[in-house]
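Here is a sequence with its predicted model. Questions after.
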Amino acid sequence: MISGKFAITIHILTLLTKFPDEYLSSEFIAGSINLHPVLVRKEIANLKKNSIVESKEGKNGGTKLLKSAAKISLDTIFRMTFDTVSFGFSKNEPNPNCPVGKQINKNLENLYGKINEKISLQLSSISLEDFSNQF
C-alpha cells in the first residue's frame with residue numbers, strides 16, 4: 001500500500017543535496033519535515049543500508065550524501081522504500097464461481113504490474129539532483 005515513506009525519504013535526500021558539504025542532524029531534518037527525529041533516523045538507516053548516505057556520531061555528527069545527487073534516480077529511491085505500488089485487493093475472497101470473481105485478482109495484478117512499469121520508467125528519468133533543483 002502507498003505510505004509517506006517515499007515522500008519522507010525524498011525530503012531527507014533533498015535537504016542533504018542542498019547542504020552537500022555538511023552533516024545534517026536528524027533533529028534538523030526532522031524540523032524541516034515536522035516529524036519525530038526517531039522516524040527520520042529509521043529512514044536514514046535504510047539509506048545507509050543502501051549506501052546512499054553516510055553518518056557520523058557525536059557533537060558535530062549527522063548525515064550527508066555518499067553519492068552524487070546526479071547519479072541517484074528517483075526510481076532507486078522509490079525501490080528502497082516500496083519496490084512496487086499496490087492498491088490492494090478486497091478483504092473478502094471473491095466467489096470462484098463468478099465470471100468476474102474468479103479472475104478479478106489476476107486482472108488487478110496485471111493492471112498493477114503495468115502501473116509499476118510506468119512509474120519506474122517515469123522515475124528513472126528524474127535524478128535526485130533534477131528534483132532538488134526545483135527548490
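Arrived safely, thanks for sending. On a predicted model such as this, the values are computed, not experimentally measured, just so you know.

Identify all contacting residues around the helix or strand of the chain with the lowest mean pLDDT.
Least confident helix or strand of the chain, by mean pLDDT, DSSP states H and E, is helix 74-81 with a mean of 90. Helix 74-81 has contacts (C-beta atoms under 8 Å, 6 or more residues apart in numbering) with 5-6, 9-10, 13, 46-47, 50, 52, 119-120, 123-124, 126-128, 131. Backbone N, C-alpha and C define where each C-beta goes, glycine included.

how far out from the middle of the chain is the next helix-or-strand element following it?
Following helix 74-81 in sequence order, the next helix or strand is helix 104-124 (DSSP states H and E). Distance of helix 104-124 from the chain centroid (C-alpha atoms, centre = their mean, to the nearest Å) equals 17 Å.

Only alpha carbons, please: show helix 104-124 as CSV.
Presented in CSV, the C-alpha positions along helix 104-124 are these (Å, rounded to 0.1, in the frame of the first residue of the first chain):
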residue,chain,number,x,y,z
ILE,A,104,-10.5,-10.2,-10.6
ASN,A,105,-7.3,-10.6,-8.6
LYS,A,106,-5.3,-11.9,-11.6
ASN,A,107,-6.5,-9.0,-13.7
LEU,A,108,-5.8,-6.5,-10.9
GLU,A,109,-2.2,-7.9,-10.5
ASN,A,110,-1.7,-7.4,-14.3
LEU,A,111,-3.0,-3.8,-14.0
TYR,A,112,-0.8,-3.0,-11.0
GLY,A,113,2.2,-4.5,-12.9
LYS,A,114,1.6,-2.1,-15.8
ILE,A,115,1.2,0.8,-13.5
ASN,A,116,4.5,-0.1,-11.7
GLU,A,117,6.3,-0.3,-15.1
LYS,A,118,5.1,3.2,-15.9
ILE,A,119,6.1,4.6,-12.5
SER,A,120,9.5,3.1,-12.8
LEU,A,121,10.1,4.4,-16.3
GLN,A,122,9.0,7.9,-15.2
LEU,A,123,11.1,8.0,-12.0
SER,A,124,14.1,6.5,-13.8
